[in-house]
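**Q** Sequence unavailable; structure follows:
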């Protein structure tokens, strides 16, 4: 596939259902389109560790290769792996349903969704408090 087509796929990936995989001797990285709460995003995952969620697959890949994601729990230094900076070297795989995810990864997505809900509640205008004697 031409590189231009693959980069266009990255930006339009919410239409796709699946993930990009890159296998290293230390484990497998994934950039996966998912829904967390009501938000669509691209999750960066190493083995079963959620390393962050991004608005586009390009942003997810850039954050990963530039070392802007958290380290996995195992302490792996991602920048030393020299991960490809283009998905041309990654493998696209069709989506699997959520039941194939480990409980720890499902929990990480649930925690991310809760954090996003708190952030959206915090950015919403405060609700008008009723006067103690007023009725709703």
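**A** Ah, there it is. This is a predicted model, so every value here is computed, not measured. Residues are numbered from 1 along each chain as shown.

**Q** Scan the chain for its longest strand.
**A** strand 27-36 (DSSP state E).

**Q** next structured bit after that one?
**A** For strand 27-36, the following helix or strand on the C-terminal side (DSSP states H and E) is strand 39-46.

**Q** What lies in contact with that following strand?
**A** For strand 39-46, contacts defined as CB atoms under 8 Å, 6 or more residues apart in numbering pick out 13-14, 27-36, 50-57, 59-60, 63-64, 69, 72, 76, 78, 105, 109, 116. Placement of C-beta: from N, CA and C, glycine included.

**Q** contacts for the next helix or strand after it?
**A** Of the helices and strands lying after strand 39-46 in sequence (DSSP H and E), the nearest is strand 49-54. Residues from elsewhere that reach strand 49-54 (CB under 8 Å, 6+ apart): 34, 36, 41-45, 60, 63-64, 69-70, 72-74, 105, 108-109, 112.

**Q** Report the strands that pair with the longest strand of the chain, each with its relative direction.
**A** Next to strand 27-36 in the sheet, as set by DSSP bridges, lie strand 18-24 (antiparallel), strand 39-46 (antiparallel).

**Q** Give the buried residues for the longest one.
**A** So that's strand 39-46. Using 16 or more other CB atoms under 10 Å as the test for burial, strand 39-46 gives 41-46.

**Q** Ok, the first one next?
**A** Within strand 18-24, the residues that qualify as buried by neighbour count (16+ other CB under 10 Å) are 19-20, 22.

**Q** Output the below-cut-off pLDDT ranges for the protein.
**A** Residue ranges of the chain with pLDDT under 70: 1-17, 96-102, 104-106, 109, 112-117, 119-136.

**Q** residue ranges of the helices in it, please?
**A** For the chain, the helices defined by DSSP state H occupy 3-11, 57-65, 103-123.

**Q** Quick check: chain neighbours aside, which residue is closest to residue 53?
**A** residue 41 (4.1 Å; CB to CB, 6 or more residues apart in numbering).

**Q** And for residue 20?
**A** Per CB to CB, 6+ apart, closest to residue 20 is residue 90, 4.0 Å.

**Q** swap in residue 78?
**A** Spatial nearest neighbour of residue 78, excluding adjacent residues (CB to CB, 6+ apart): residue 67 at 6.0 Å.
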